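Novice: Could you look at this predicted model? Sequence included:
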Amino acid sequence: MGLILGIETSCDECSASVLMHERGVYSPLSVSTFSQIELHQPYGGVVPEVASRNHLEQIDPVIWDALGRAKVEVEDLDAIAVTNRPGLIGALLVGVTAAKALAYVKRKPLVPVHHLEGHLMSAFLKSPKQGTPEVLFPAVFLLVSGGHTNLYSVESAPESWPATLLRDALAGSSMDDAAGEAFDKSAKILGFPYPGGKWIDEEARKGGNPSAFDLPRGLKQKDSLAFSFSGLKTAVALLAQRLGKEGVLESALPDVCASIQEAIIDPMVRKSLLLQKMKGAKSIVVVGGVAANSRLRERFLKESPVPVIYPDLQYCTDNAAMIAAAGAVRFAQGYGLDSSAFLKLNAFAIAEH
Ligand code: KG4
Ligand code: ZN
């Protein structure tokens, strides 16, 4: 058994979580998250310096709240895990520095965690609503967030993941914008507040026709596992301009949103199913904020020959429980650092994988 405190500050959520790990079961005892969405909304996107400054104010209250709600003292922890890559550098440094200070004072080992490994681990978190999701291996992981669109082919359960997992398992990724970014930029053009993915989803559900407008889909070659969304925003801008001039943009919004959504979702579904077939995968796991999309879920439900697994929604968006779970795996594998090593630990905006 192990008790791990996870800390996540890589972007615009300041989060801490206490997690219990016992024989491959990852149970969050508490998750405390301060979301900065409202702070960034006036700017239509995340402002890095605003993010770092807010993390500095929130990191202590969030950590103590997570410990308090789990009824766990720092002394009881086996290790502290913190996201140290990739992300906004100023934001990452706040979490890493807080984790180092706590680990040093309380003489606890520190486990550096790759944010994307955290997202993959979100699929294994036990939740009151859905218990422990049963991922069947080999599995395809579709990681779709505001910053990433990656496809992974994963052979085995987390306990045996190699340190090089993210590199070894990567089967495809976006050459430009991430899926969430494509949603958010399109939504911004249409005048929806940041982050716009859920507004596009909601508007499309008002009877929008997904094939009303023909919007570009990058890298359509049948055997390609890569994504490209950069052509979409120009096409959306031109379409909005034309419909605006004709005075019909307002009434066409459900159709416009359904068409945008389809242009983003369609390649994700097709390429996940292609990889599933290529690898004979027994399940498809969808993680990251875009996993909330209703059309994505509808298409997978209709088209996937294998079970499709979604973590509880609170674990899809950035949170420290997934970081604690990734930390628990790596700690059990011997990747915990003692103070002589972790005092030199750095944060990295871009990680190779
Ligand atoms: O994983 P996440 O919280 O943040 C990152 O780590 O980047 O994902 C946030 C992204 C945003 O781009 C947001 O617009 C998108 O997830 N999103 C959605 C939906 N809900 C959130 N996109 C499409 N449909 C949704 N229902
Ligand atoms: Zn993330």
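Specialist: In hand now; what should we look at? Residues are numbered from 1 along each chain as shown. Ligands and ions are numbered 1, 2, ... in the order given.
Novice: tell me, how many neighbours does Phe192 end up with?
Specialist: Neighbours of Phe192 under the rule other C-beta atoms under 10 Å: 21. Any C-beta I mention is one placed from the backbone N, CA and C, and that applies to glycine too.
Novice: Equivalent analysis for Val72, please.
Specialist: Val72: 17 neighbours (other C-beta under 10 Å).
Novice: How is the nearest residue to it once chain neighbours are set aside classified with respect to secondary structure?
Specialist: Distances taken as C-beta to C-beta, 6 or more residues apart in numbering put Val18 closest to Val72, at 5.0 Å, once the chain neighbours are dropped. With DSSP: H, G, I helix; E, B strand; the rest coil as the basis, Val18 sits in strand.
Novice: Just give the closest residue to the residue of the stretch 51-200 of the chain found nearest ligand 2, not the sequence neighbours.
Specialist: Closest approach of the stretch 51-200 of the chain to ligand 2 (C-beta to the ion) occurs at Ser145, with a separation of 4.5 Å. The shortest distance from Ser145 to any non-neighbouring residue, by C-beta to C-beta, 6+ apart, is to Gly288 (3.4 Å).
Novice: Would you mind naming what in this protein lies close to ligand 1?
Specialist: 11, 145-147, 180, 183-184, 195-198, 201, 288-290, 292-293, 317-318 (C-beta under 6 Å from any ligand atom).
Novice: Show the low-confidence segments of the stretch 151-300 of the chain, by residue range.
Specialist: Residue ranges of the stretch 151-300 of the chain with pLDDT under 70: 219.
Novice: Would you check how far apart the residue of the chain most remote from its centre and Ala240 are?
Specialist: Within the chain, the residue lying farthest from the chain centre (C-alpha atoms, centre = their mean) is Glu246, at 38.5 Å. Going from Glu246 to Ala240 by C-beta to C-beta, to the nearest Å gives 11 Å.
Novice: Over to the residue sitting nearest the centre point of the chain: give its phi and psi.
Specialist: The centroid of the chain falls nearest to Gly288 when counting by C-alpha atoms, centre = their mean (3.1 Å). Backbone geometry at Gly288, expressed as degrees, to the nearest 10, gives phi 100, psi 160.
Novice: For it, give me its contacts.
Specialist: 119, 143-145, 148, 180, 316 (C-beta atoms under 8 Å, 6 or more residues apart in numbering).
Novice: try Leu92
Specialist: Here Leu92 is in contact with 9-10, 83-85, 347-349 (C-beta under 8 Å, 6+ apart).
Novice: and it, what helix or strand is that in?
Specialist: helix 89-105 (DSSP states H and E).
Novice: Now do that helix: distance to the chain's middle.
Specialist: Centroid separation between helix 89-105 and its chain, computed with C-alpha atoms, centre = their mean, to the nearest Å, is 21 Å.
Novice: Give me the packing partners of the following helix or strand past that helix, helices and strands only.
Specialist: Once the chain leaves helix 89-105, the next helix or strand it forms, by DSSP H and E, is strand 110-114. Here strand 110-114 touches strand 79-85, helix 89-105, helix 320-332, helix 339-342, going by 3 or more C-beta pairs under 8 Å, 6 or more residues apart in numbering; DSSP states H and E.
Novice: Does at least one residue of the following helix or strand past strand 110-114 sit close to ligand 2?
Specialist: For strand 110-114, the succeeding helix or strand toward the C-terminus, using DSSP H and E, is helix 115-121. No. Using C-beta under 5 Å from the ion, helix 115-121 stays clear of ligand 2, coming no nearer than 5.6 Å.
Novice: same question, stretch 86-104
Specialist: No. Shown here: stretch 86-104 not in contact with ligand 2 (C-beta under 5 Å from the ion), separated by at least 8.1 Å.
Novice: What average pLDDT does that stretch get?
Specialist: Confidence for stretch 86-104, expressed as mean pLDDT, is 98.
Novice: which residues are there in the stretch 51-200 of the chain that come within reach of ligand 2?
Specialist: Close to ligand 2, as judged by C-beta under 5 Å from the ion, the stretch 51-200 of the chain has residues Ser145.
Novice: Show the residue spans covered by the helices in the stretch 51-200 of the chain.
Specialist: Listed in chain order, the helices found in the stretch 51-200 of the chain under DSSP state H, counting those that start in this stretch are 89-105, 115-121, 165-169, 179-189, 197-204.
Novice: Show me which residues of the longest one are buried.
Specialist: When neighbours are counted by 16 or more other C-beta atoms under 10 Å, the buried residues of helix 89-105 are found to be 89-100, 102-103.
Novice: Equivalent analysis for stretch 163-182, please.
Specialist: 165-166, 169-174, 177-182.
Novice: What of stretch 242-255?
Specialist: For stretch 242-255, by 16+ other C-beta under 10 Å, it's 243, 249, 252-255.
Novice: and which of the residues you listed is nearest to Phe342?
Specialist: Leu253 (50.9 Å; C-beta to C-beta).
Novice: Verify the stated contact: that closest one with Glu203.
Specialist: Yes. Look at Leu253 against Glu203 with C-beta atoms under 8 Å: they come within range, at 5.5 Å.
Novice: Gly95 and Tyr335: what is the separation?
Specialist: 18 Å.
Novice: Phi, psi for Ala235 please.
Specialist: Dihedral angles (degrees, to the nearest 10) for Ala235: phi -60, psi -40.
Novice: And it, how far from Gly218?
Specialist: Applying C-beta to C-beta to Ala235 and Gly218 gives a distance of 11 Å.
Novice: Same check on Pro195?
Specialist: Following C-beta to C-beta, the distance that separates Pro195 from Gly218 is 22 Å.
Novice: These two: which has the busier surroundings?
Specialist: Applying other C-beta under 10 Å to Pro195 and Gly218 shows that Pro195 carries more neighbours, namely 23 against 19.
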